[in-house]
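Peer 1: return a 3D structure for these sequence lines:
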Amino acid sequence: MSQSNRVIKKNEISNDSWSPNSSEQQPQHKKTPSYMLSVMPRLAKQQNYRYRQAAATALFALVSSPSAASFSSTAFSSSKNSWGIVARGGSLTPTTTTTATATTRFMTATTTSTDKESSTSNTVADTMTPAAKLEALRAKMKELNLDVFIVPSDDPHLSEYVPEAYMRRKFLTGFGGSAGTGVVTQDKALLWTDSRYWNEASLSLDSSLWTLIKQGQPKVKTIVNYLGEMAANRFKENGPLKVGIDPFVHPASFAKELNEAFSEAAKKELDRSDDDAPIGELDTSHPNLIDPIWGEARPEVPYNAFRPHPIEYAGVSVSEKLEKVRKEMESKKATLAVFGALDDVAYLLNVRAMGDVDTCPVGIAYATVSNDDVTLYCDPRKVESSEVQEHLKEVTIKPYDDIVKDVKAHCEKPDNKVWIDSSRSNLAISSVIPEKALVDSQNAITPMKGCKNEAELEGMRKAHIVDGAAMAKFVAWLEDTIVEKGKSVSEVEIDKVLTGCRAEQPGFLECSFPTIAGVGPNAAIIHYRAKDDEVMRYLDATQPILIDSGGQYTYGTTDVTRTWHFGEATDEFKETYTRVLKGHIGVDSMVFPEGIPGFVLDVFARKSLWEVGKDYGHGTGHGVGAALNVHEGPHGISPRFANKEGLKNRMIVSNEPGYYEDGKFGIRIENLLEMMYVNPEHDKPSESGEEASSTDKKFLKFGRLTMIPIQKNLIKLDLMTNYELDWLDTYHAEVFAKVSPLLEADSPAMNWLRKSCEKIDRN
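Peer 2: Numbering: from 1, shown residues only. Prediction:
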């Protein structure tokens with residue numbers, strides 16, 4: 001989520017009497033995004049939640065078009081649109097609630113507090129300097145006799161995106177990327193992060209206090225190996241290295257990895273055996289050391305309400321999912337399965353939430369399944385509505401903090417066994433499970449969630465078609481503004497307008513991740529996030545822009561990247577763009593045996609770049625949830641061999657090769673793809689209801705979900721093969737056929753789409 005910090009001028013909010021349901025004509029100056037944003041806090045104080053929610057929907061949609069506002073305001077009465085999105089009962093139902101990235105913070109604040117003057121995250125200003133924060137942490141470490149304290153990105157559910165209350169690493173370091181871990185000793189402060197965030201971290205960290213460790217580089221140690229070596233170097237003079245962590249925000253696997261690193265370093269550096277006393281100790285006995293330093297400024301843990309996820313989009317009932325889980329539990333001889341990842345809980349119980357984690361439709365909760373019960377551990381305010389209570393009537397609701405106590409109690413009974421995935425469960429839970437009672441392997445939800453059912457796939461297809469309509473309107477506006485009007489547009493405004501275009505679409509809820517809109521050199525910051533500051537740039541006809549964005553719809557999740565240039569690009573840029581496109585087509589065109597890991601396909605994305613000595617530092621593809629998290633396992637496409645998860649029928653994956661030249665530009669082209677059998681007969685169910693068995697080797701191909709044109713005038717034709725040009729024409733024909741019915745005839749969006757989808761001129 002990216003939003004401007006610009007101060008709203010008084011003359012932009014001079015008339016407070018207008019409301020979205022008023023019959024009076026809306027003042028012209030009140031159609032501006034700035035005005036719409038300025039009235040949000042006032043609405044939060046004056047209205048109760050359901051009307052705030054509806055008003056926010058109407059206001060944001062109105063920024064883009066009166067017709068969108070009409071859609072939003074009519075949600076107060078029963079209606080149904082062509083996608084079957086229903087509003088009923090005098091308020092916006094979960095299937096029609098519409099918000100936008102720029103209002104996500106507003107919606108979170110208004111649904112997690114009792115109408116306070118402002119968001120809890122801003123209750124007390126964070127006035128401590130970075131140096132003062134480190135000084136306070138080191139003082140506490142010294143008091144507790146800790147040599148090291150580790151501050152990860154994670155919440156108790158090991159989420160990629162976390163609620164503000166758990167952004168402890170950002171509070172301490174100033175770096176807000178979704179991946180990174182701080183390691184603090186009495187004389188050093190180190191931050192590990194991967195190549196996606198090297199540029200951003202170097203800009204965010206105070207280099208006089210923090211050292212950036214570029215994770216993944218040759219000869220760069222992992223955190224556990226670094227601590228192992230540190231323990232060995234100081235052991236003779238200082239004894240065991242004492243490492244403090246909060247066990248709720250580290251994976252269960254961390255303790256094992258760290259102890260193995262201590263053991264390995266002891267053998268290698270000190271010639272010690274496993275029978276000798278350890279050279280390092282892990283201390284999990286203290287509450288998180290960051291929270292007292294953060295103090296009253298730390299935001300409240302959110303408790304937004306769950307909503308049922310309709311069976312028409314879920315495809316499989318809760319009872320059917322529980323039956324599958326229990327069948328797997330029986331094969332594992334497990335008596336309890338624990339699910340800690342938020343998307344696992346949401347998927348299992350067919351529930352979604354909005355506001356707990358920005359851009360992710362999940363709620364803060366754990367779930368457990370036994371042979372005769374299923375339990376949801378959450379704040380009771382999340383399940384107060386009668387609709388949710390009816391949906392969860394077969395589920396036991398218990399306090400959020402009871403999870404560790406209950407798992408421990410289950411283990412005390414003879415012969416009971418607990419199934420967790422230690423890579424996706426926190427250490428606090430796993431530490432109460434005796435080794436003899438532990439079943440540690442990929443949980444039953446992960447493969448179920450990874451391979452979509454037909455209802456989920458249909459929802460994803462719909463989401464990408466409406467997303468294509470939103471993008472057509474947005475790019476038509478952007479091109480007209482830059483080329484025809486000769487104006488420049490800030491990255492922040494681009495983010496807001498794009499979100500406004502998505503907000504017009506039926507079923508839109510929020511963005512699926514913070515929009516990346518990087519002009520020129522900012523596009524080389526892989527996970528750049530525009531703010532109204534000195535780094536922000538303006539787009540004109542002289543520079544390219546990379547826009548990576550997506551939407552959360554009630555029926556699906558989108559994620560797309562395009563790189564645009566509305567002027568004359570350099571030959572270097574065009575050649576690199578073409579090579580990235582060739583890699584994109586290379587992956588998209590693959591036919592491959594079912595079950596091979598994603599790294600087998602990765603080389604096809606990089607081949608053309610490698611031919612001229614270029615490469616990119618991130619993976620080529622990640623899994624995507626169906627109306628769930630935009631990043632989802634277990635599969636992916638990456639040069640890293642560690643992920644050996646086989647690619648399977650009905651999985652969804654992104655295809656996003658790129659190239660980044662620091663200080664100059666960034667290029668990425670991303671579509672989402674669904675995997676399907678080459679031979680449709682393999683996908684037909686047998687009489688037993690399972691997939692048809694066959695002695696034939698099964699091969700997969702990709703079907704394209706993303707329906708957004710690729711800019712043709714950036715392509716160097718002499719680098720493209722006829723097959724690749726045919727691929728482009730075929731793709732654009734499909735885009736036009738699916739998206740054009742949603743656009744008005746002769747509208748700017750339709751004209752732009754028609755032009756962009758014309759066959760490429762091969763002369």
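
Peer 1: name the element residue 259 belongs to?
Peer 2: helix 253-270 (DSSP states H and E).

Peer 1: contacts for that helix, please.
Peer 2: For helix 253-270, the surrounding residues in contact (CB atoms under 8 Å, 6 or more residues apart in numbering) are 222, 224-225, 227-229, 231-233, 235-236, 241, 243, 245, 272-274, 276, 278-280, 282, 422-423, 427, 431. Using the backbone N, CA and C atoms, a C-beta is placed for each residue, glycine as well.

Peer 1: quick one: least confident helix or strand in the protein?
Peer 2: Least confident helix or strand of the chain, by mean pLDDT, DSSP states H and E, is strand 86-87 with a mean of 24.

Peer 1: quick check: closest non-adjacent residue to the most centrally placed residue in the chain.
Peer 2: Nearest to the mean C-alpha position of the chain, counting by CA atoms, centre = their mean, stands residue 630 at 4.5 Å. Nearest residue to residue 630, sequence neighbours excluded (CB to CB, 6 or more residues apart in numbering): residue 512, at 4.2 Å.

Peer 1: for residue 380, same thing?
Peer 2: That would be residue 397: by CB to CB, 6+ apart, it lies 6.8 Å from residue 380.

Peer 1: I'd like the next helix or strand past the helix or strand harbouring that neighbour.
Peer 2: Taking DSSP H and E as the criterion, residue 397 maps to strand 396-398. As assigned by DSSP H and E, the chain's next helix or strand after strand 396-398 is helix 403-411.

Peer 1: which strands and helices sit next to the biggest helix by length in the chain?
Peer 2: If you go by DSSP state H, the chain has its longest helix at helix 454-479. Judged by 3 or more CB pairs under 8 Å, 6 or more residues apart in numbering; DSSP states H and E, the packing partners of helix 454-479 are helix 311-314, helix 491-503, strand 551-553, strand 556-557, strand 560-565, strand 671-677, helix 722-739, helix 748-756.

Peer 1: list the buried ones in it?
Peer 2: For helix 454-479, burial by neighbour count (16 or more other CB atoms under 10 Å) applies to 455-479.

Peer 1: contacting residues around the one helix or strand residue 320 maps to?
Peer 2: Using DSSP H and E, residue 320 maps to helix 318-332. For helix 318-332, the external contacting residues (CB under 8 Å, 6+ apart) are 335, 337, 347-350, 369, 371, 374, 394-395, 417, 419, 439, 441, 444-445, 448.

Peer 1: swap in stretch 228-236?
Peer 2: 148, 185, 221, 240-241, 258, 261-262, 264-266, 268-270, 279-280.

Peer 1: mind checking which of those residues are buried?
Peer 2: Buried, going by 16+ other CB under 10 Å: 148, 185, 241, 258, 261, 262, 265, 266, 279, 280, out of these.

Peer 1: how about CSV for those residues, with distance to residue 576 and pLDDT added?
Peer 2: Below are those laid out as CSV (distance: CB to CB, whole Å; pLDDT from 0 to 100):
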residue, distance to residue 576, pLDDT
148, 42, 97
185, 42, 97
241, 46, 97
258, 41, 95
261, 40, 95
262, 45, 95
265, 43, 94
266, 48, 93
279, 49, 94
280, 46, 95
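
Peer 1: so, low pLDDT: which residues of this structure?
Peer 2: Where the chain drops to pLDDT under 70, the residues are 1-126, 686-695.

Peer 1: mind redoing it with 50?
Peer 2: By pLDDT under 50, the weakly predicted segments of the chain are 1-125.

Peer 1: what about the strands in the stretch 151-300 of the chain?
Peer 2: 181-184, 189-193, 211-214, 241-244, 280-283 (DSSP state E, counting those that start in this stretch).

Peer 1: relative to residue 170, which of those strands is closest?
Peer 2: Nearest to residue 170, of all those, is strand 181-184, at 9.6 Å by CB to CB.

Peer 1: elements contacting the closest one?
Peer 2: Using 3+ CB pairs under 8 Å, 6+ apart, strand 181-184 is in contact with helix 130-143, strand 148-151, helix 168-173, strand 189-193, helix 223-238.

Peer 1: list of residues touching that strand?
Peer 2: Under the criterion CB under 8 Å, 6+ apart, residues 134, 137-138, 141, 148-153, 169, 172-173, 189-193, 210, 223, 226-227 lie in contact with strand 181-184.
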